[in-house]
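>>> Have a look at this fold, sequence not included:
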């Protein structure tokens with residue numbers, strides 16, 4: 001198994017979209033890319049930690065490629081919006097790919113360049129090394145599945 005970590009706005013809908021892909025074996029929502037340990041949802045939403053709402057995706061590379069996951073990531077949101085997705089505004093909703101190795105970094109950078117060329121607008125997606133992924137509170141896990149897919153718009 002391999003891991004991928006993405007931030008594309010509200011993590012509930014992003015997680016739900018990745019869970020539906022064949023080859024994805026598990027997902028978790030949480031916080032990453034910030035500067036404090038063990039952040040809470042309230043702290044992240046209060047802009048005190050620098051974390052993004054993110055989804056950690058566990059996948060079988062024999063069934064789905066990292067490139068396909070990155071393509072899905074870009075299809076899920078508007079990567080030209082800085083610190084927002086739709087009605088959700090704040091640095092925790094930023095567009096980001098947190099890579100786990102140099103190969104993922106290269107795929108992410110190539111995809112960002114392709115999306116920017118196709119959109120004719122600057123793509124603000126942050127591409128950064130994966131750091132500690134802090135799993136969100138349990139009530140956030142698989143939220144869309146528990147409450148219905150309409151619970152979060154991405």
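Received the coordinates, thanks. Quick caveat: nothing in here was measured; it's all calculated off a predicted structure.
>>> which residues in this protein form helices?
All helices of the chain, identified by DSSP state H, fall at 11-19, 41-45, 66-76, 102-119, 143-147.
>>> and those, which one is worst for confidence?
Lowest mean pLDDT within the helices of the chain: helix 143-147, at a mean of 66.
>>> ok, now how distant is the most far-flung residue of the chain relative to its centre from residue 80?
Ranked by distance from the centre of the chain (C-alpha atoms, centre = their mean), the top residue is residue 120, with 22.7 Å. Distance, residue 120 to residue 80, by C-beta to C-beta, to the nearest Å: 10 Å. Any C-beta I mention is one placed from the backbone N, CA and C, and that applies to glycine too.
>>> intersection of neighbour lists for these two?
Residues touching both residue 120 and residue 80 by C-beta atoms under 8 Å, 6 or more residues apart in numbering: none at all.
>>> okay, now the nearest residue to residue 105 once chain neighbours are set aside: neighbour count?
Using C-beta to C-beta, 6 or more residues apart in numbering and skipping the chain neighbours, the partner closest in space to residue 105 is residue 99 (4.2 Å). Residue 99 has 20 neighbours, counted by other C-beta atoms under 10 Å.
>>> Ok, residue 101 next?
Neighbour number of residue 101 under other C-beta under 10 Å is 12.
>>> returning to that earlier point: can you lay out the helices of the chain as a markdown table showing distance to residue 32 and mean neighbour count?
Shown next, in a markdown table, are the helices of the chain (distance: least, C-beta to C-beta, whole Å; neighbours: other C-beta atoms under 10 Å):
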| stretch | distance to residue 32 | mean neighbour count |
| --- | --- | --- |
| helix 11-19 | 11 | 24 |
| helix 41-45 | 10 | 16 |
| helix 66-76 | 14 | 19 |
| helix 102-119 | 14 | 15 |
| helix 143-147 | 18 | 15 |
